[in-house]
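*Asks:* no sequence on this one, just coordinates:
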């Protein structure tokens, strides 16, 4: 292989490594943002869980509040508010957590793949630089 050809390949590999490093940086930033989002999400779900009992307050009974407004309020609270709250905590939170986990794992794999590609390109670069040094030394 000629010195000119090796130099062109070295230049090309430098460009590839730079592009891969930029992609790696973007994926790491996405990964870190998603980890932060997951932490904030867990905090919010914890808050919802701890406040679940408060949606049943005040306790409504025939002694504290009666009449059609009381019955309507009780119905709305039981059928709409409490049910929606349970749906968020039981169904939607599991779906969101699963999606977050899947995306985090995907990004983790993408970061690993980029790191492997960079390592491979650096190895190629090292070999080409060694070959170039040998060609120059043998002149």
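*Replies:* Ah, there it is. All figures in this text were calculated on a predicted structure; none of them were measured in a lab.
*Asks:* Show me the shaky parts of the chain.
*Replies:* 56-66 (pLDDT under 70).
*Asks:* Quick check: nearest residue in space to the residue nearest to the spatial centre of it, chain neighbours excluded?
*Replies:* The residue lying closest to the centre of the chain (Cα atoms, centre = their mean) is residue 34, at 3.2 Å. Closest residue in space to residue 34, ignoring its immediate chain neighbours: residue 104 at 5.5 Å, by Cβ to Cβ, 6 or more residues apart in numbering. Bear in mind the C-beta positions are built from the backbone N, C-alpha and C, glycine included.
*Asks:* Tell me how far the one you found lies from residue 112.
*Replies:* Distance of residue 104 to residue 112, computed by Cβ to Cβ, to the nearest Å: 13 Å.
*Asks:* higher neighbour count, these two?
*Replies:* Shown here are residue 104 and residue 112; by other Cβ atoms under 10 Å, residue 104 has more neighbours (16 against 11).
*Asks:* now whichever strand or helix holds that one: how far from the chain's centre is it?
*Replies:* Under the criterion of DSSP states H and E, residue 104 resides in helix 93-138. Here helix 93-138 is found 19 Å from its chain centre; the criterion is Cα atoms, centre = their mean, to the nearest Å.
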